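Participant: Quick one: sequence plus predicted model below, questions after.
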Amino acid sequence: MDWGDWFSWFDARDADLAREVLQRGIAALFLVAFLSTLNQFRPLLGERGLLPVPELLEAVRGAEQRARDREERAGRPVGLLRRTRRLGYLGPTIFRRWGYRDARLVAVCAVGMGLAASVVVGLPQLGPPWVPMLAFLALWALYLSIVSVGQTFYGFGWEMLLCEAGFLVAFLGSREVPPPLPTIVLVWWLVFRLEFGAGMIKIRGGREWRDLTALMYHHETQPMPGPLSRRAHLLPAWFHRLEVLGNHAAQLVVPFLLFAPQPIRTIAAAIIIATQLWLVITGNFAWLNWITIVLAFGAVGDEAVQWLLPWLPLDAIQTPADATSPPWWIAIVLAVAVLIVWLSRHPLMNLFSKRQLMNASFDRFMLVNAYGAFGTVTKERVEIIVEGTVDDPRDRDARWREYGFKGKPGDPARVPRQFAPYHLRLDWLMWFLPLGRLHEVWFLRFLEKLLEADAATLRLLAHDPFDGERPRAVRARTELFTFATREEHRRTGHVWMRHPLGTAIPPITLGEVDTR
């Protein structure tokens, strides 16, 4: 028996379409992620940003130096320095070694976008399997470098999901070799953790998921509604209960069918894709739903697609029938598979833990993570309204003018726009402020930038009421936002009904902002 006979199981001959969708789809999302970073990172985290990366790097170096000093005073290594690194003061990043400069961030984004675009058009896939492997490993390393210093602006589950997916699809090979079955199975495992973890978070979370009322609130109170969110919210209660039941089935039952034989596996993938598409058209969750759709295609079989869509030219992407995987490629894929299986032990235990972690990484390289979202659903939508004035803020007749955000609800007559898979990071974090996070440093610095009329910060907004001029003071108020009923919409033309609540941050001038 020769090498080929021993490893005949290694090649997934029914997964050529899955590989194409996985590689090009993940690359397309990397392209969006790097574009989002290029446009937003500098005013948020750059040298003059709200949470400057140079300050973070200096703080980490200081913490590690203090750990070294403690070890020296103890007269023996006590592992403090190793623990500071293990506890994640800073993840792996090229900015640690080279230092951060805005120009270097632009270079990283440019290289990442170029590599991602090349995979989208299929160039690396035309070479030997190590070419797309190196392309994706570079994308993973570059984006991991950004996420590691991104602080709260990159603290979303889909950031680590993109890193994990990018590393995994690096080992799908090129058209010179059949898709490797171990990598395909690990993609199923990733989708399982993503969906089942989210389902378990909900079942263990708020009562609204168990009494089937969660989606009577969610469409209205989600972080960034889309154009059809209001219409979804106004659907009858029985439909919302069916939505919750469908969600539970798609996340708690269907993921197990990803490991079933074909065509059951393809049907399971189709159900997951359909539920994610519903989320796409009713909200803006950056690339979370799109990456789930792409990953779910990993369970779609060529034969099932050919049966359903016989006109689809799959011959153009199929691996030659006589192609086989070389020993060196098999060895690399199996080594990575063993590593992923070993690292999966913590996320696996987390799935069945009573204290299940949500959106958590168990290794510094974000290779195998735990996912989940919306364990509880907010029942009311409270918005932070940011205003400025050129008048004396102590004057009761002062005219206050509202800053407009690109995605965050504000103008009551404006229909929410569709931004996903693009990620509006500032708008997303504004949603968290009323939930007990109002006095975070980044928001106070944001107010300070508004008082300075900082041009880079103002470009993050949709509307500057002062046209680049400095206001004399700014303030933050709270308002309750509700979707207009059909009758209210007919009467006012409004999408949102706004109800003032109070003052969150009283008027402050430039010298009064404390951002320590």
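Facilitator: Looks like it arrived, so ask away.
Participant: Let's test this: name the helix or strand in the protein with the lowest mean pLDDT.
Facilitator: Every helix and strand of the chain was ranked by mean pLDDT, DSSP states H and E. The lowest is helix 80-86, at a mean of 45.
Participant: For the chain, which residue occupies the most central location?
Facilitator: By Cα atoms, centre = their mean, the chain has its centre lying nearest to residue 158, at 2.4 Å.
Participant: So for that one, what pLDDT did the model give?
Facilitator: Residue 158 carries a pLDDT score of 95 in this model.
Participant: Summarise which helices and strands the longest helix along the chain is packed against.
Facilitator: Assignment by DSSP state H gives helix 16-45 as the longest helix of the chain. Using 3 or more Cβ pairs under 8 Å, 6 or more residues apart in numbering; DSSP states H and E, the elements in contact with helix 16-45 are helix 102-120, helix 130-148, helix 157-169, helix 181-204, helix 288-296, helix 302-308, helix 425-432, helix 455-458. (Each C-beta comes from the backbone N, C-alpha and C, glycine too.)
Participant: go again using 6 Å as the cut-off
Facilitator: helix 102-120, helix 157-169, helix 302-308 (3 or more Cβ pairs under 6 Å, 6 or more residues apart in numbering; DSSP states H and E).
Participant: now the last one, how far from the chain's geometric center?
Facilitator: Read it as helix 302-308. In this view, helix 302-308 has its centroid 31 Å away from the chain centroid, taken as Cα atoms, centre = their mean, to the nearest Å.
Participant: same deal with the second one?
Facilitator: Distance of helix 157-169 from the chain centroid (Cα atoms, centre = their mean) equals 9 Å.
Participant: Residue 333 and residue 179 touch, don't they?
Facilitator: No. Between residue 333 and residue 179 there is no contact under Cβ atoms under 6 Å: 10.2 Å.
Participant: Look at those two and report which has more neighbours.
Facilitator: Comparing residue 333 with residue 179 by other Cβ atoms under 10 Å, the one with more neighbours is residue 179, at 27 against 23.
Participant: For whichever strand or helix holds residue 348, which outside residues touch it?
Facilitator: Using DSSP states H and E, residue 348 maps to helix 345-351. The contact list for helix 345-351 (Cβ atoms under 6 Å, 6 or more residues apart in numbering) reads 193, 197, 356, 357, 362, 368, 370.
Participant: same thing but 8 Å
Facilitator: Under the criterion Cβ atoms under 8 Å, 6 or more residues apart in numbering, residues 193, 196, 197, 200, 356, 357, 360, 362, 368, 369, 370 lie in contact with helix 345-351.
Participant: need those in TSV with distance to residue 489, can you?
Facilitator: Formatted as TSV, the contacts of helix 345-351 follow (distance: Cβ to Cβ, whole Å):
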residue	distance to residue 489
193	41
196	39
197	38
200	38
356	40
357	41
360	41
362	47
368	47
369	42
370	41
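Participant: one step back: report the backbone C-alpha coordinates of the helix or strand following the longest helix of the chain in CSV.
Facilitator: On the C-terminal side of helix 16-45, the nearest following helix or strand under DSSP H and E is helix 53-74. C-alpha atoms of helix 53-74 as CSV (Å, rounded to 0.1, in the frame of the first residue of the first chain):
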residue,chain,number,x,y,z
VAL,A,53,-2.1,53.3,20.5
PRO,A,54,1.3,54.8,21.5
GLU,A,55,-0.2,55.4,25.0
LEU,A,56,-1.2,51.7,25.1
LEU,A,57,2.2,50.5,24.1
GLU,A,58,3.9,52.7,26.7
ALA,A,59,1.5,51.5,29.4
VAL,A,60,2.3,47.8,28.5
ARG,A,61,6.0,48.5,28.5
GLY,A,62,5.7,50.1,31.9
ALA,A,63,3.7,47.1,33.3
GLU,A,64,6.3,44.7,32.1
GLN,A,65,9.1,46.7,33.4
ARG,A,66,7.5,46.8,36.9
ALA,A,67,7.1,43.0,36.6
ARG,A,68,10.8,42.7,35.9
ASP,A,69,11.6,44.9,38.8
ARG,A,70,9.6,42.7,41.2
GLU,A,71,11.4,39.7,39.9
GLU,A,72,14.8,41.3,40.5
ARG,A,73,13.8,42.4,44.0
ALA,A,74,12.6,38.8,44.8
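Participant: change the start of the numbering to 32 and stick with it
Facilitator: That works, and once the first residue is 32, the last one we named lands at helix 84-105.
Participant: the inter-axis angle of helix 84-105 versus helix 133-151?
Facilitator: Computed by axes from the mean of the first three to the mean of the last three Cα atoms, to 10 degrees, the angle separating helix 84-105 from helix 133-151 equals 110 degrees.
Participant: just to revisit the earlier point, what's the overlap in contacts for residue 364 and residue 210?
Facilitator: Joint contacts of residue 364 and residue 210 (Cβ under 8 Å, 6+ apart) are residue 204.
Participant: what number of residues lie near the closest residue in space to residue 188 that isn't next to it in sequence?
Facilitator: Nearest residue to residue 188, sequence neighbours excluded (Cβ to Cβ, 6 or more residues apart in numbering): residue 390, at 3.5 Å. Neighbour count for residue 390, taken as other Cβ under 10 Å: 19.
Participant: how close does residue 390 sit to residue 185?
Facilitator: For residue 390, the distance to residue 185 equals 12 Å [Cβ to Cβ, to the nearest Å].
Participant: Ok, residue 343 next?
Facilitator: Per Cβ to Cβ, residue 343 is found 38 Å from residue 185.
Participant: re earlier: looking at the helices and strands packed on helix 47-76, which is buried most?
Facilitator: helix 188-200 (a mean of 25; mean count of other Cβ atoms under 10 Å).
Participant: just curious, which of the contacts of helix 376-382 is nearest to residue 460?
Facilitator: Lowest distance from residue 460 to those (Cβ to Cβ) belongs to residue 391, with 19.3 Å.
Participant: which residue sits closest to that closest one in space, ignoring its chain neighbours?
Facilitator: Spatial nearest neighbour of residue 391, excluding adjacent residues (Cβ to Cβ, 6+ apart): residue 401 at 4.6 Å.
Participant: Spit out the contact partners of that neighbour.
Facilitator: 224, 228, 377-378, 381-382, 387-393.
Participant: Most neighbours of all those residues, which one?
Facilitator: residue 228 (26 neighbours).
Participant: Quick one: residues contacting it.
Facilitator: Contacts here follow Cβ under 8 Å, 6+ apart; on that basis residue 228 touches 378, 381, 382, 387, 389, 401, 402, 403.
Participant: go again using 6 Å as the cut-off
Facilitator: Residues near residue 228 by Cβ under 6 Å, 6+ apart: 382, 401, 402, 403.
Participant: Now tabulate the residues you listed in CSV and tack on secondary structure, distance to residue 518 and pLDDT.
Facilitator: Shown next, in CSV, are those (DSSP: H, G, I helix; E, B strand; the rest coil; distance: Cβ to Cβ, whole Å; pLDDT from 0 to 100):
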residue, secondary structure, distance to residue 518, pLDDT
382, helix, 45, 89
401, strand, 44, 92
402, coil, 40, 93
403, coil, 38, 85
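Participant: which one among those gets closest to residue 275?
Facilitator: Taking Cβ to Cβ as the measure, residue 403 is the one of the contacts of residue 228 closest to residue 275, at 16.0 Å.
Participant: what residue ranges in this structure score low on pLDDT?
Facilitator: Flagging of the chain using pLDDT under 70 yields the residue ranges 32-36, 102, 106-120, 544-547.
Participant: which strand is the longest one in it?
Facilitator: Scanning the chain for the longest strand, with DSSP state E as the assignment, gives strand 527-539.
Participant: would you turn the helices and strands packed on helix 47-76 into a markdown table with distance to residue 259?
Facilitator: Listed next are the helices and strands packed on helix 47-76 as a markdown table, based on distance: least, Cβ to Cβ, whole Å:
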| stretch | distance to residue 259 |
| --- | --- |
| helix 133-151 | 28 |
| helix 188-200 | 21 |
| helix 333-339 | 27 |
